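J.: this is a predicted model, with the sequence first.
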Amino acid sequence: MTTTPDREVDLVDLAAEAVTRYQAEDPSLMSDLVEHVTPVLWHLARAQGLTAEAAEDTVQRSWLRLVEHTDRIRDPRSVLKWLITTTRREAWRQLRHAPREAVVPELPEESGAPDEVVDLVAADTDRRLLWRHIARLSERCQHLLRIIAFADQPNYAEIAEALGMPIGSIGPTRGRCLAALRRSLAADPAIDFGGAR
């Protein structure tokens with residue numbers, strides 16, 4: 001199942017159909033379900049504070065739990081909500097048991113010209129600064145901006161389901177969150193909007 005500009009994938013329907021077929025020993029739609037839902041789950045796990053690697057592990061555990069419990073599912077339309085809840089709980093569990101170590105990204109072993117290293121450091125610094133400002137926003141804004149920032153084609157129905165908010169409030173909330181982020185960035189003396197570093 002693919003997404004076309006005319007027709008967005010309804011994740012609730014896809015999840016229900018995939019699990020119903022899986023229960024009938026037809027796993028044909030499970031790969032589509034995994035393809036469409038994994039990015040949402042991954043961003044949800046990251047929004048809970050996990051590293052990228054820990055988020056991948058959490059999402060894998062959530063999928064494993066789904067497969068282990070498909071025989072107990074009575075309402076296939078609740079599968080997406082179940083996956084979201086399971087991913088959140090797995091992320092929280094992982095955070096409680098994670099060692100308190102700072103993960104330092106490694107620079108590439110073989111780097112080209114010094115300009116490339118400077119660009120890598122500058123881009124990393126910019127990313128860290130942006131995410132530090134996002135972390136200052138309300139929890140709701142943090143979750144919303146993380147999901148929208150990483151989605152290939154943000155689907156408001158999916159976002160509404162993942163965040164538990166009305167679909168009609170996503171656009172206005174996004175606008176308020178971006179305005180708050182803009183104000184926060186503009187007030188930071190460490191940022192030079194003139195282009196100089």
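T.: Nice, thanks for sending it over. Residues are numbered from 1 along each chain as shown.
J.: low pLDDT regions in this structure?
T.: Scanning the chain with the threshold set as pLDDT under 70 gives 1-9, 98-122, 124, 152, 190-197.
J.: please redo it, this time with the cut-off set to 50
T.: Within the chain, the set of residues satisfying pLDDT under 50 comprises 1-8, 111, 195-197.
J.: any idea how it splits into domains?
T.: As recorded under automatic domain parsing, the domains making up the chain are 11-97, 114-187.
J.: off-centre distance for the shortest one?
T.: Just to be clear, that refers to domain 114-187. The gap between where domain 114-187 is centred and where its chain is centred comes out at 11 Å by CA atoms, centre = their mean, to the nearest Å.
J.: look up how far residue 164 lies from residue 22.
T.: Relative to residue 164, residue 22 is positioned 26 Å away (CB to CB, to the nearest Å). Where you see a C-beta, it was placed from the backbone N, CA and C, and this is true even at glycine.
J.: try residue 96
T.: Distance of residue 96 to residue 164, given as CB to CB: 22 Å.
J.: the more surrounded of those two?
T.: When residue 96 and residue 164 are compared for neighbours, residue 164 comes out ahead with 10 against 7, by other CB atoms under 10 Å.
J.: relative to residue 68, how far out is the more buried one?
T.: Going from residue 164 to residue 68 by CB to CB gives 25 Å.
J.: let me know which of the domains of the chain is tucked in deepest.
T.: Mean neighbour counts were taken over the domains of the chain using mean count of other CB atoms under 10 Å, and the top value, a mean of 17, falls to domain 11-97.
J.: what's in contact with stretch 171-179?
T.: Counting by CB atoms under 8 Å, 6 or more residues apart in numbering, stretch 171-179 makes contact with 137, 138, 140, 141, 144, 145, 148, 156, 165, all of which sit outside it.
J.: out of the residues you listed, which sit inside helices?
T.: Taking DSSP state H, the ones among these that sit in helices are 140, 141, 144, 145, 148, 156.
J.: which of those lies closest to residue 52?
T.: Sorting these by how near they are to residue 52, with CB to CB, puts residue 145 at the top with 16.7 Å.
J.: so the closest one sits against residue 181, correct?
T.: Yes - between residue 145 and residue 181 there is a contact under CB atoms under 8 Å: 7.1 Å.
J.: which neighbours do those two have in common?
T.: A shared contact of residue 145 and residue 181, defined by CB under 8 Å, 6+ apart, is any residue touching both; here these are 134, 137.
J.: so the most centrally placed residue in the chain is in which element?
T.: With the centre of the chain defined as its mean C-alpha position, the nearest residue by CA atoms, centre = their mean is residue 43, 1.1 Å away. Assigned by DSSP states H and E, residue 43 belongs to helix 30-47.
J.: could you point out which element follows that helix?
T.: Proceeding N to C from helix 30-47, the next assigned helix or strand is helix 52-69, under DSSP H and E.
J.: helix 30-47 and the following helix or strand past that following helix, what's the angle between them?
T.: Following the chain from helix 52-69 toward its C-terminal end, the next helix or strand by DSSP H and E is helix 79-97. With axes from the mean of the first three to the mean of the last three CA atoms, to 10 degrees defining the directions, helix 79-97 sits at 40 degrees from helix 30-47.
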